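Enquirer: Take a look and give me a structure for this.
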Amino acid sequence: MSGGLVLTVSFLYLGLLFAIAQFVDSQAKKGRHLTRNPYIYTLSIAVFCTSWTFYGSVGLAATRGLDFLAIYIGPTLVFLLWSVVWVKIVRICKGHRITSIADFIASRYGKRAGLGGLVTVIAVVGTMPYISLQLKSIASSFRILVNSPETSLLDVSNQSILPIDTTLVVAVALALFSILFGTRHIDASEHHEGLVAAIAFESVVKLVTFLTVGIFVTYGLYNGFTDLFAKAEEAGLSSLFRISGDGGYNVWMTMTVLSMAAIICLPRQFYITAVENPDESYLRKTTWLFPLYLLITNIFVLPVALAGRLAFQGGPTDADMFMLTVPLVNDRGALALLSFVGGLSAATSMVIVASIALSTMVCNDLIMPLLLRSKWLNINKNDDLTGLLLTIRRVSILLVMILGYAYYLIASESYSLVMIGLVSFAAAAQFLPALIGGIFWKGASYRGALSGLALGFIVWLYTLLLPSFAQSGWLPVSFIENGPWGIAFLKPYSMFGMEGFDRLTHALFWSMLVNIGAYWVVSLMSQQTAIERIQGTLFVDVFGHTDDDRDSRYWRGSATVADLQQLVGRFVGVQRVAQAFTNFAAERDINLRKGQTADAAMLDFAEKMLAGAIGSATARVMMGSVVKGEIVGLDEVYRILDETSQVIEYSHRLEQKSAELERATGQLRNANERLKELDSLKDHFLSMVSHELRTPLTSLRAFGEILVDNPEVSLAERSQFLNVIIKESSRLTRLIDQLLDLARMEAGQMDWSLDTVDMAATAHEAMATLAGLLKENDVTLTLDLPEGLPSVRADRDQLIQVMINLVSNAIKFCDKSNGRIHVTVAPAEDVLTVTVTDNGKGIAENMAEHIFEKFHQSLDSSEDKPQGSGLGLAICREIVTFLGGRIWVASPKKGGASFSFTVPRSDRSDLRLSAE
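Expert: This next block holds a predicted model:
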């Protein structure tokens, strides 16, 4: 076939792709979004099916039978059974303007540029073999088509057909095409609808092409599946109908795990599935549409492989190229050319998306942080840097393609297409612990992720990448056979004596062992920074957060609107930023002035725009250059948020107690005849609950939410308010306990524990309980206990409660400047008398007799309410009365109030409590 014809068809096809992308982009600018549907989105995700699928699966099936299915079972399991992972990732990407997998991992672990840089290095090095795979498939298929002798189909020469290396021409062409496709927008987080449309079209082309060749082989050369399989069995190929017996199940499991990791962690797959997702709801259809696409794609893999084996029996041949050579050997040149277009489509879609994703990562997570660190990039100038960003990305695409070409020259001829792809899969799998752990485990730390990624990558290099160089002659073969420096237990294919496993399983085991182990252990041993904890919460609990919960809300500084527009405009474009800020103000119905100080929401908005262009880690550094104030202080903010959350949770517990109180009150309605006398009490009791309890609970919750939603409140004020909240929460807890006790007393359901009680010890214990309250209110208390006090007959806990209530009441009403309280216990003939005296204003004589009236009777008239009355005194009266004593109050002539109560002595045998 004419080389000129093949090149013409190739460039016409690439031109068609560009025309599709251009048309869809132009329609998107007019508001007609042609790709906004789940079917186009699903077809774009099929970029997973590269030339490995188109050529390599057939080659694998021709040598190892059904082993090829494992590559597609993994992604199917992820989408069918674990789609929540993608839903969570997509939600996070949209909320944080994530641009790549490096940006995702760096943002999760505290927006650290170092981590993003490491992920980028791993991604670039790990993708080199995959790009070389595409170059190899295109170059090999091109050589097959233009070699006219039939014998060339058996052993295709590596000699270039063109004056220069064919593969280099392909690499440069794909680089230029990727630049045209992927660097037209500065905001990497924006949807590239033209790109998505072109990739979706390519998915249709490669599927239709594969099915066309498969139908020709199955029904054109043979009489259907039954006839083909029967002839293959006669030719001794029945071993291809099952999983390979040579370590087949180990390989099967390894490839399944690797493909599960790859569908999530391959940079191109993450980019097209998460970053380019236009609507989270599309994932619902994708969960079954994408597995269906994979199923249809694989229907004819085995038939084509069997037909190739039957067609080239006894001769050397490249099984990876059966999709081309089977039509050619049967004189179907047009079908072979169509198959070439399908393979070209599979390869170009992968290269385009991968190079775009990698160039974004190199620019945002590697080059830009280095420029900032080296001070080469003057962040205080007003230069427009959009051109610089685009140049960096374009050069990055070219460098990525050159690296892929270099690997092709060095090592690709030593491996099949499938093995090259699996080497890249194993590299991408190193991202899995940090990525999955980051969205499900809040305790995962930056140091843990960095350690795991670094160690896993080193093991991958040692066990897979370096051996490929040795097999190609670029390193000594003894490195594989004897280990470095002849150390046998360090042999890259059998480290530490681990024999009997294929090289892929061996590499995956050791790399993931050190990766997950270091990630887990270091995370447990290291201390998270405040921003790590905040980002961890936002990522793990993404479904419970809104956009307003972003950590940027805690910027505190004096940046103006002009400062922000100038900064963001340098990277995104002045006109675009001006329009974006105008839209922002319109949505919130506010007027923006250049000198106006930006609030937290606007700072967050600006950082999001920057993150879309230069990545989250670099965006945070750039924001710090204009926000004149504290970027951090986040440890304190996080502590306050944590305390506020505890208060809100505490309020929930108080509500539960309130519910218990209402249940106890309900029991009053169904009690015996004695409760009929308490009907008015019950109504007022419920009123008290509503008035005294529910309103403060609602206020507590509202106040906690206000603290979270208003970062402008100073830390000192927040701390002060939190202390008040906690103090009031404790008071409410005591109030609820008192209400419950009173309800039980009135219902006759109180669980009394009557016994002989040492009055002196009881008084000391009660006063010790109040030591903190006395100190807090600067009140002096004296306790007067005569020697040899007789014991009393009482419930010890309830007796302590009475004394605490009376002293607490005295603290509340004694002199604020020089508070003094005097507690005495005096023996009488039948009882002991306890008196609590304060130096406050005292009680009017006409009110003293009403002081122990039921607390609810004074709620209706605040004018007649005596000072000191309330729930605590009502409970005191109930307890003392039950114990057989009495309680009263007097106002001494020298001022203050004097509360007294009696308790029967236990040494008077003739005393009987009313309860007995």
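Enquirer: What segments of the stretch 801-916 of the chain are helices?
Expert: 845-848, 871-882 (DSSP state H, counting those that start in this stretch).
Enquirer: Could you tell me the least trusted of the ones you listed?
Expert: For those, the weakest mean pLDDT is recorded on helix 845-848, namely a mean of 62.
Enquirer: Hmm, residue 585 is touching residue 598, no?
Expert: No. Residue 585 is beyond contact range of residue 598, at 11.4 Å (criterion: Cβ atoms under 8 Å). All C-beta atoms are positioned from the backbone trio N, CA, C, and that covers glycine.
Enquirer: Looking at these two, which is more packed in?
Expert: When residue 585 and residue 598 are compared for neighbours, residue 598 comes out ahead with 24 against 14, by other Cβ atoms under 10 Å.
Enquirer: neighbours around the spatially closest residue to that one that is not a sequence neighbour, how many?
Expert: Nearest non-adjacent residue to residue 598, counting by Cβ to Cβ, 6 or more residues apart in numbering: residue 559, 5.0 Å away. Residues within reach of residue 559, counting by other Cβ under 10 Å, total 21.
Enquirer: How about residue 235?
Expert: As a burial measure, residue 235 scores 12 neighbours (other Cβ under 10 Å).
Enquirer: which residues does it contact?
Expert: Contact criterion Cβ atoms under 8 Å, 6 or more residues apart in numbering gives 309, 310, 313 as the residues in contact with residue 235.
Enquirer: Just the local confidence number for it, please.
Expert: We note a pLDDT of 87 for residue 235 in this prediction.
Enquirer: what about stretch 259-276, how long is it end to end?
Expert: The straight-line separation of the ends of stretch 259-276 (Cα to Cα, to the nearest Å) is 21 Å.
Enquirer: ok, now which ones touch residue 43?
Expert: When contacts are counted by Cβ under 8 Å, 6+ apart, residue 43 touches 199, 200, 201, 203, 204, 293.
Enquirer: Just name the closest of the residues you listed to residue 349, please.
Expert: The shortest approach to residue 349 among those belongs to residue 199, at 5.1 Å (Cβ to Cβ).
Enquirer: Residue 43 versus the closest one, what's the distance?
Expert: In this structure, residue 199 and residue 43 are 7 Å apart, going by Cβ to Cβ, to the nearest Å.
Enquirer: Regarding residue 110, what is its secondary structure?
Expert: Here residue 110 is coil, with the state taken from DSSP: H, G, I helix; E, B strand; the rest coil.
Enquirer: And it, how far from residue 526?
Expert: The value you get for residue 110 to residue 526, if Cβ to Cβ is used, is 12 Å.
Enquirer: anything in contact with each of those two?
Expert: Residues touching both residue 110 and residue 526 comprise residue 446, with contact defined as Cβ under 8 Å, 6+ apart.
Enquirer: These two: which is more packed in?
Expert: residue 110 (24 against 17).
Enquirer: give the contact list for the residue nearest to that one when sequence neighbours are not counted.
Expert: Distances taken as Cβ to Cβ, 6+ apart put residue 532 closest to residue 110, at 4.2 Å, once the chain neighbours are dropped. Taking Cβ under 8 Å, 6+ apart, we find residue 532 in contact with 109, 110, 445, 446.
Enquirer: Which of the helices or strands spans residue 532?
Expert: Secondary structure from DSSP states H and E places residue 532 in helix 530-540.
Enquirer: Could the C-alpha coordinates of that helix be exported in CSV?
Expert: Coordinates of each C-alpha in helix 530-540 appear next as CSV, following Å, rounded to 0.1, in the frame of the first residue of the first chain:
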residue,chain,number,x,y,z
ALA,A,530,-4.4,22.5,60.7
ILE,A,531,-4.9,22.8,57.0
GLU,A,532,-4.4,19.0,56.6
ARG,A,533,-7.1,18.4,59.1
ILE,A,534,-9.4,20.8,57.5
GLN,A,535,-8.8,19.5,54.0
GLY,A,536,-9.2,15.9,55.3
THR,A,537,-12.6,16.8,56.7
LEU,A,538,-13.7,18.5,53.5
PHE,A,539,-12.6,15.6,51.3
VAL,A,540,-13.8,12.7,53.5
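Enquirer: Return the distance of that helix from the chain's centre.
Expert: Its chain's C-alpha centre lies 8 Å from the corresponding centre of helix 530-540 when counted by Cα atoms, centre = their mean, to the nearest Å.
Enquirer: quick one: low-confidence parts of the stretch 301-450 of the chain?
Expert: Confidence mapping of the stretch 301-450 of the chain against pLDDT under 70 gives the ranges 314-316, 374-384, 411-418.
Enquirer: where do the strands sit along the chain?
Expert: Under the criterion DSSP state E, the chain carries strands at the ranges 556-557, 629-630, 754-757, 779-784, 792-795, 819-827, 831-838, 887-890, 898-904.
Enquirer: and the longest one, what does it pack onto?
Expert: Using 3 or more Cβ pairs under 8 Å, 6 or more residues apart in numbering; DSSP states H and E as the contact test, the elements touching strand 819-827 are helix 759-769, strand 779-784, helix 796-813, strand 831-838.
Enquirer: sorry, back to before: what would the strands of the chain look like in a markdown table with distance to residue 354 and mean neighbour count?
Expert: What follows is those, written out as a markdown table (distance: least, Cβ to Cβ, whole Å; neighbours: other Cβ atoms under 10 Å):
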| stretch | distance to residue 354 | mean neighbour count |
| --- | --- | --- |
| strand 556-557 | 39 | 18 |
| strand 629-630 | 40 | 13 |
| strand 754-757 | 81 | 15 |
| strand 779-784 | 75 | 15 |
| strand 792-795 | 78 | 24 |
| strand 819-827 | 77 | 18 |
| strand 831-838 | 81 | 22 |
| strand 887-890 | 85 | 19 |
| strand 898-904 | 83 | 22 |
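Enquirer: of all these, which lies closest to residue 386?
Expert: Checking these against residue 386 by Cβ to Cβ gives strand 556-557 as the closest, at 25.4 Å.
Enquirer: which residues sit in contact with the residue lying closest to residue 613 once chain neighbours are set aside?
Expert: In space, not counting the residues next to it along the chain, residue 613 is nearest to residue 571; the distance is 4.6 Å by Cβ to Cβ, 6+ apart. Contacts of residue 571 were listed using Cβ under 8 Å, 6+ apart, and they are 186, 385, 386, 389, 610, 613, 614, 622.
Enquirer: In helices, which of those residues fall?
Expert: Counting by DSSP state H, the part of those found in helices is 386, 389, 610, 613, 614, 622.
Enquirer: The fifth one contacts residue 369, correct?
Expert: Read it as residue 614. No. With contacts counted by Cβ under 8 Å, residue 614 stays clear of residue 369, the gap being 9.4 Å.
Enquirer: Of those two, which one has the most company?
Expert: For residue 614 against residue 369, the residue with the higher neighbour count under other Cβ under 10 Å is residue 614, and the figures read 30 against 23.
Enquirer: per-residue pLDDT, the more buried one?
Expert: 74.
Enquirer: circling back: what residues of the helix holding residue 532 count as buried?
Expert: Of all the residues in helix 530-540, those buried under the rule 16 or more other Cβ atoms under 10 Å are 530, 531, 532, 533, 534, 535, 536, 537, 538, 539, 540.
Enquirer: just curious, which of those residues is nearest to residue 479?
Expert: Of all those, residue 532 has the smallest distance to residue 479: 39.6 Å, by Cβ to Cβ.
Enquirer: Roughly how far does that closest one sit from residue 607?
Expert: Distance, residue 532 to residue 607, by Cβ to Cβ: 17 Å.
Enquirer: One more: residue 521?
Expert: 33 Å.
Enquirer: ok, how many other residues are close to the nearest residue to residue 117 once chain neighbours are set aside?
Expert: Computed as Cβ to Cβ, 6+ apart, the closest residue to residue 117 that is not its neighbour in sequence is residue 366, at 5.1 Å. When counting by other Cβ under 10 Å, one arrives at 22 neighbours for residue 366.
Enquirer: wait, isn't residue 407 in contact with residue 128?
Expert: Yes. Judged on Cβ under 8 Å, residue 407 makes contact with residue 128 at a distance of 4.4 Å.
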